[in-house]
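> Just need the structure, nothing else, for what follows:
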Amino acid sequence: MVLLQVRGKLFLSCAVGNITRLLTRNCYAALEQRTSWDQPLDVSLEIHNELLFWQNNIDSINGKPMSPKSSAVGVVYSDGSDTGFGGYFIQCGQDFVSGTWSEKEMHTSSTLREILAVKFVLLSLLDKLSGLTVKWFTDNQNVPRIISPGSSKGHLQTEALSIFNICCHRGISIEMEWIPRSQNDQADFLSRIYDPDDWGLSWDTFQNIDIVWGPHSFDRFANYLNAKLPRFNSRFWNPGSEGIDSFVMNWAGENNYVCPPICLIPRVLLHMRNCKASGTLIVPLWHSAPFWPMISAGGDKFSDFIVDWMDLPSLKEAFIPGRCNSVFGNENLNFRMLALRIHFV
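Numbering: from 1, shown residues only. A predicted model of the protein is given here:
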């Protein structure tokens, strides 16, 4: 009877909104499985959570504007491709989001990837979107129909609820709208970005370094899949990233872990000098590299700002390729890597 009462009271979604469909799906499914009026119902954890939500929130969400006019103060576009997700936020200027799928995510359905793209772009822009009403465009027609009212498919419903909970926690209101693929080309481009420098050291190798020179506090070149520390900078906005373009950040006062693309090592050294920063820098043992004169004092000696160094396993043992093909070919993984302990004063 409780489910029938809840179902009856929440039937008028015009007074509350699409949340009535999103958070009564398990109740409806249970009622529709009855074979007789008096048949007992098993209250699952999902049903219990739905009833608990309405008990705790019905007063606060009762009533919604009848006007269909959008009150959005920002616009977000998102897209999910075979290889990753992308999106961007338009308010004053643009904030770009790009990331690649994990191995598991890559083999899911296109609809789930599109919903995950919304979730990951939302998480990447969380601080910027907090408290806002946002018009959100996607080129997948299923996404607006699933995120607003939910889905009868459990895995899609789980992600729709996850997006709803994130929005509730940060005071975000999303107005989903479908657009043709031809109008979403920039988000599509961001979802397909190829990063040949997406590589890192293995967890075991990093932990060995962290035991000696840690704890490190900030990973300066990472993404949400390979970050070795909770705090990190990324090339594009990612879930959990504290900022993009680490060269505009002040690295002073942190124990920085720095495993950059090889071509950026000279710029890293100059930035650490300017910031008077300390940390661990990972470099290949390449005497002919452009950065080598910057760290060498001649012969076997390092420059004065290198206070210690560690010989790492060969890259073949310590190397973890990213989701894209790495800058290192498989035939070139036997050279040595060094961890340099750097301290500028």
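
> Residues in a beta bridge with G200, which ones?
In this entry, G200 is beta-bridged to I320, by DSSP bridges.

> Look at it and report its pLDDT.
Note for G200: predicted pLDDT of 80.

> how many other residues sit next to it?
Residues lying near G200 (other CB atoms under 10 Å) number 23. Using the backbone N, CA and C atoms, a C-beta is placed for each residue, glycine as well.

> again with I244
For I244, using other CB under 10 Å, the count is 17.

> my guess is it meets N233, correct?
Yes. If you go by CB atoms under 8 Å, I244 and N233 touch, sitting 6.8 Å apart.

> Low-confidence stretches in the stretch 1-150 of the chain?
For the stretch 1-150 of the chain, the stretches with pLDDT under 70 are 1-18, 60-73, 91-94.

> Helices of that one, start to end?
With helices called from DSSP state H, counting those that start in this stretch, the stretch 1-150 of the chain shows them at 2-9, 19-22, 25-32, 45-61, 103-106, 110-124, 126-129, 142-147.

> now for the second one, which elements pack on it?
Right, helix 19-22. Here helix 19-22 is seen to pack against helix 154-170 when contacts are counted using 3 or more CB pairs under 8 Å, 6 or more residues apart in numbering; DSSP states H and E.

> mind exporting the helix it packs on as PDB, just the C-alpha atoms?
Taking Å, rounded to 0.1, in the frame of the first residue of the first chain, the C-alpha atoms of helix 154-170 are listed here in PDB:
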ATOM      1  CA  GLY A 154      19.700  -0.900 -14.400                       C
ATOM      2  CA  HIS A 155      23.200   0.300 -15.600                       C
ATOM      3  CA  LEU A 156      21.800   3.400 -17.300                       C
ATOM      4  CA  GLN A 157      19.500   4.200 -14.400                       C
ATOM      5  CA  THR A 158      22.500   4.000 -12.000                       C
ATOM      6  CA  GLU A 159      24.400   6.600 -14.100                       C
ATOM      7  CA  ALA A 160      21.300   8.800 -14.400                       C
ATOM      8  CA  LEU A 161      21.000   8.800 -10.600                       C
ATOM      9  CA  SER A 162      24.700   9.500 -10.200                       C
ATOM     10  CA  ILE A 163      24.400  12.600 -12.300                       C
ATOM     11  CA  PHE A 164      21.300  13.600 -10.400                       C
ATOM     12  CA  ASN A 165      23.100  13.200  -7.000                       C
ATOM     13  CA  ILE A 166      26.100  15.200  -8.200                       C
ATOM     14  CA  CYS A 167      23.800  18.100  -9.400                       C
ATOM     15  CA  CYS A 168      21.800  18.100  -6.100                       C
ATOM     16  CA  HIS A 169      25.000  18.200  -4.000                       C
ATOM     17  CA  ARG A 170      26.400  21.200  -6.000                       C
END
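
> Centre of the chain to that helix, how far?
15 Å (CA atoms, centre = their mean, to the nearest Å).

> and the angle from that helix to helix 25-32?
140 degrees (axes from the mean of the first three to the mean of the last three CA atoms, to 10 degrees).

> which residues sit against helix 154-170?
With contact meaning CB atoms under 8 Å, 6 or more residues apart in numbering, helix 154-170 is reached by 19, 22-23, 25, 111-112, 115-116, 118-119, 122-123, 126, 129-131, 146-147, 150-151, 172-174.

> For that helix, the averaged confidence score.
90.

> in that helix, what counts as buried?
L156, Q157, E159, A160, L161, I163, F164, I166, C167 (16 or more other CB atoms under 10 Å).

> Pairing partners for F302 in the sheet, please.
Bridge pairing for F302 - DSSP bridges - gives S296.

> quick one: it and I295 touch, right?
Yes. F302 is in contact with I295 according to CB under 8 Å; the separation is 5.8 Å.

> and the residue lying closest to D42 once chain neighbours are set aside, how many residues sit next to it?
Distance criterion CB to CB, 6 or more residues apart in numbering; nearest residue to D42, sequence neighbours excluded, is A30 at 7.6 Å. Neighbour count of A30, defined by other CB under 10 Å: 17.

> Could you pull up the residues touching I306?
By CB under 8 Å, 6+ apart, I306 lies in contact with I295, L340, R341, I342.

> can you give me the strands for the stretch 151-300 of the chain?
Under the criterion DSSP state E, counting those that start in this stretch, the stretch 151-300 of the chain contains strands at 173-178, 199-201, 218-219, 255-258, 278-284, 296-298.

> Let's have those in CSV, adding distance to D188.
Shown next, in CSV, are these (distance: least, CB to CB, whole Å):
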stretch, distance to D188
strand 173-178, 14
strand 199-201, 25
strand 218-219, 29
strand 255-258, 32
strand 278-284, 33
strand 296-298, 45
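
> W37 is nearest to which of the ones you listed?
strand 173-178 (37.5 Å; CB to CB).

> and D311, what are its phi and psi?
In terms of degrees, to the nearest 10, the main-chain angles of D311 are phi -80, psi 120.

> Tell me which of the strands of the stretch 151-300 of the chain sits most buried.
strand 255-258 (a mean of 24; mean count of other CB atoms under 10 Å).

> That strand: partners in the sheet, and parallel or antiparallel?
strand 218-219 (parallel), strand 278-284 (parallel).
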